[in-house]
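A.B. asks: My questions concern the predicted model and sequence given below.
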Amino acid sequence: MNKRELCENITMLTDFYELTMANGYLKSGLGDVTAYFDVFFRSVPDDGGFAIMAGLEQVIEYLSNLHFTKEDIEYLESKGIFSKEFLRYLEDFEFTCDVWAVPEGTPIFPSEPILKVKGPVIQAQFVETAILLQINHQSLIATKANRVVRAAKGRAVMEFGSRRAQGADAAVLGARAAYIAGCSGTACTISDKIYGVPALGTMAHSWVQMFDSELDAFKAYAREYPQSCTLLVDTYNTLKSGIPNAIKAFDEVVVPAGFRPVGICIDSGDISYLAGKARKMLDQAGYPDCKICASNSLDEYLIRELLTNGAPVDTFGVGERLITAASDPTFGGVYKLCAIDKNGEHIPKIKLSENVAKLTIPGDKQLWRLFDNETGKAIADVVTLIDEEIDSSKPYEIFDPEFTWKSKICENFTAKKMLVPIFEKGKLVYDCPTIGEIRENCAAGIASLWSEVTRFENPHKYYVDLSHPLWDLRDRLIKENKAALGRK
């Protein structure tokens, strides 16, 4: 059974106004107008310097399985507000749009298009909710997970949050996103089965409590898993019983079986103090290679503090604060109309607002990333009109779209198109990479960013600039709309 077969039909997972608008477009004669929509987000969670694109594979599964069942149409008919013409249209519904997207695992930044949909407005409008659901959720978790991974400074981070996730999909897909972003594995078994995220875990406190003694529990576990023995040592008293009993189990079961112990896990108390004491006890017992794992409501800040204080922790299990992105649990991706083709004319569209952050960028666009040829580091992103090319062989001026006097001439650089074709006229043309390849893409993308961008406190603003022609278009539309309002 492949992943698409596991994916249920979620066509009706949509905001109701997508359906009322679709009916209205059809009745108004606008159903065949070609619309262009952009997905972008306005700010990085936790005031970070970048986010991570994730969820594209699930968008592909959704769009590939898009259809209305007989039961769906009967339900909509029962609402009593949809025309018979529209209901007949849904019976033969076929997705025929073009879609482009930034590949999963890529660092992304506010205000730039990370996914585009072009096609008949009924279709292109309808898919808004599910696309945003997938991109917003997984990008949020991937971004948070990578912050935790970076705080661990090369130590393994295991995602252990399934039981605190907000629903089954959040657990399964959250584990996928966390692995893309650098976590070593997950406690969520089904995420391993479906997506190949390594499932990890040993025992709970209840295992220890089930036996007559802690030592009996440790020995029983060691007999079953001598090759991968990791023991949870804080059920009763970490230093007085947990670690001494773990050492006895290692001495009496693991080593005689021809193996070395893998580790111990501390899930409560003063982790820094307990880990320090545990390290000394394990070293003195002849187990300097036995790793110490810490868990217990950790996040990037607590992990960083532990390591700053010199805690000898080798691996981390991170649960609720990762899987729920507890410190900033919303990824503000939006889906906005930017152009239409009507009566043979391409018409850019813009949304104005008194809130400057909600001003949209009009037109059919491409996203470019400029890389310095000497360092390999990303210089800036540039959003251009679709028919523009950035010639790396010539100097190229970038400038701040809001403070236009801030500019820079880029030389000795390489320009890369970031939006790649996913669907052409509804047909999938993109080969989904493996999760391992997505994970590698993520690591490489982050390595291309300067440390000033990736730091936690006051990260440097990575520039997302507009080309001159695109800036001119936006400026013209702003002025035209303001003038039209002034005439009313």
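C.D. replies: On my side now, so go ahead.

A.B. asks: hey, C-alpha coordinates of stretch 427-435 in PDB?
C.D. replies: C-alpha atoms of stretch 427-435 as PDB (Å, rounded to 0.1, in the frame of the first residue of the first chain):
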ATOM      1  CA  LYS A 427      -0.700  16.400 -14.300                       C
ATOM      2  CA  LEU A 428       2.000  15.700 -11.800                       C
ATOM      3  CA  VAL A 429       5.400  16.500 -13.300                       C
ATOM      4  CA  TYR A 430       7.500  16.500 -10.100                       C
ATOM      5  CA  ASP A 431       9.300  13.500  -8.700                       C
ATOM      6  CA  CYS A 432       8.900  13.600  -5.000                       C
ATOM      7  CA  PRO A 433      12.300  13.200  -3.300                       C
ATOM      8  CA  THR A 434      12.700  10.700  -0.500                       C
ATOM      9  CA  ILE A 435      12.500  11.900   3.000                       C
END
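
A.B. asks: And that stretch, how far out from the chain middle?
C.D. replies: Going by C-alpha atoms, centre = their mean, to the nearest Å, the spacing between the C-alpha centre of stretch 427-435 and its chain's C-alpha centre is 17 Å.

A.B. asks: For that stretch, buried residues please.
C.D. replies: By neighbour count on 16 or more other C-beta atoms under 10 Å, the buried set for stretch 427-435 is 430, 432-433, 435. For every residue, glycine as well, the C-beta is placed using N, CA and C.

A.B. asks: With stretch 473-487 instead?
C.D. replies: Along stretch 473-487, these residues count as buried under the neighbour rule (16+ other C-beta under 10 Å): 473-474, 477.

A.B. asks: ok, these vs Ser448, which is closest?
C.D. replies: Of all the buried residues of stretch 473-487, Ser448 sits closest to Arg474, with 27.9 Å by C-beta to C-beta.

A.B. asks: Tell me if the closest one really is in a helix.
C.D. replies: Yes. According to DSSP: H, G, I helix; E, B strand; the rest coil, Arg474 belongs to a helix.

A.B. asks: Beyond the helix or strand containing Asp216, next helix or strand please.
C.D. replies: Secondary-structure assignment from DSSP states H and E places Asp216 in helix 214-224. The element immediately downstream of helix 214-224 (helix or strand, assigned by DSSP H and E) is strand 230-232.

A.B. asks: list the helices and strands that following strand packs on?
C.D. replies: Using 3 or more C-beta pairs under 8 Å, 6 or more residues apart in numbering; DSSP states H and E as the contact test, the elements touching strand 230-232 are helix 205-210, helix 214-224, strand 263-266.

A.B. asks: Flag the shaky bits of this structure, pLDDT-wise.
C.D. replies: Low-confidence segments of the chain (pLDDT under 70): 1-7, 487-488.

A.B. asks: And the buried residues of stretch 473-487, which is closest to Lys248?
C.D. replies: Closest to Lys248 out of the buried residues of stretch 473-487 is Arg474 (70.8 Å), distances taken as C-beta to C-beta.

A.B. asks: just to revisit the earlier point, distance from the chain centre to the helix holding Asp216, please.
C.D. replies: So, by C-alpha atoms, centre = their mean, the centroid of helix 214-224 is 39 Å from its chain's centroid.

A.B. asks: by contact count, what packs against it?
C.D. replies: Looks like helix 214-224 contacts helix 205-210, strand 230-232, helix 243-249 (3+ C-beta pairs under 8 Å, 6+ apart).

A.B. asks: hey, C-alpha coordinates of that helix in CSV?
C.D. replies: What follows is the C-alpha trace of helix 214-224 in CSV, where atoms were taken according to Å, rounded to 0.1, in the frame of the first residue of the first chain:
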residue,chain,number,x,y,z
GLU,A,214,14.1,-1.6,39.8
LEU,A,215,17.0,-3.9,39.3
ASP,A,216,14.7,-6.8,38.2
ALA,A,217,13.1,-4.4,35.6
PHE,A,218,16.5,-3.3,34.3
LYS,A,219,17.8,-6.9,34.0
ALA,A,220,14.7,-8.1,32.3
TYR,A,221,14.9,-5.3,29.7
ALA,A,222,18.7,-5.9,29.2
ARG,A,223,18.0,-9.6,28.6
GLU,A,224,15.6,-8.7,25.8
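
A.B. asks: Can you give me the buried ones in the longest strand belonging to the chain?
C.D. replies: Among the elements of type strand in the chain, defined by DSSP state E, the one spanning the most residues is strand 333-342. Of the residues in strand 333-342, those buried under the neighbour-count criterion (16+ other C-beta under 10 Å) are 333-341.

A.B. asks: tell me what that strand is packed against?
C.D. replies: If you count contacts as 3+ C-beta pairs under 8 Å, 6+ apart, strand 333-342 packs onto strand 34-41, helix 128-151, strand 345-348.

A.B. asks: Swap in 6 Å and give it another go.
C.D. replies: The criterion is 3 or more C-beta pairs under 6 Å, 6 or more residues apart in numbering; DSSP states H and E, and the helices and strands that strand 333-342 contacts are strand 34-41, helix 128-151.

A.B. asks: Give me the angle between the last one and strand 333-342.
C.D. replies: Just to be clear, that refers to helix 128-151. 140 degrees (axes from the mean of the first three to the mean of the last three C-alpha atoms, to 10 degrees).

A.B. asks: Please identify the pairing partners of the helix or strand just after helix 128-151 and their relative orientation?
C.D. replies: Counting by DSSP H and E, the next helix or strand C-terminal to helix 128-151 is strand 156-159. Under the criterion DSSP bridges, strand 156-159 sits next to strand 185-186 (parallel), strand 315-318 (parallel) in its sheet.

A.B. asks: hang on, the earlier thing: for Ala294, which of the helices and strands packed on helix 214-224 is the nearest?
C.D. replies: If you check each of the helices and strands packed on helix 214-224 against Ala294 by C-beta to C-beta, strand 230-232 wins as the nearest, at 11.6 Å.

A.B. asks: wait, which of the buried residues of stretch 473-487 is closest to Glu85?
C.D. replies: Minimum separation from Glu85 among the buried residues of stretch 473-487 (C-beta to C-beta) is found for Leu477, which lies at 33.9 Å.

A.B. asks: Skipping adjacent residues, who's closest to the closest one in space?
C.D. replies: Ranked by C-beta to C-beta, 6 or more residues apart in numbering and with sequence neighbours excluded, the top spatial neighbour of Leu477 is Ile350, at 4.4 Å.

A.B. asks: where's stretch 234-244 relative to the chain centroid, distance-wise?
C.D. replies: Taking C-alpha atoms, centre = their mean, one finds stretch 234-244 lying 38 Å from the centre of the chain it belongs to.

A.B. asks: And for stretch 31-49?
C.D. replies: For stretch 31-49, the distance to the chain centre is 14 Å (C-alpha atoms, centre = their mean).

A.B. asks: Does Val99 lie in a helix or a strand, and which?
C.D. replies: Taking DSSP H and E as the definition, Val99 sits inside strand 98-101.

A.B. asks: should've said Thr384
C.D. replies: Under the assignment here (DSSP H and E), Thr384 is part of strand 378-385.

A.B. asks: Same question for Leu367.
C.D. replies: Element membership of Leu367, judged by DSSP H and E, is strand 365-372.
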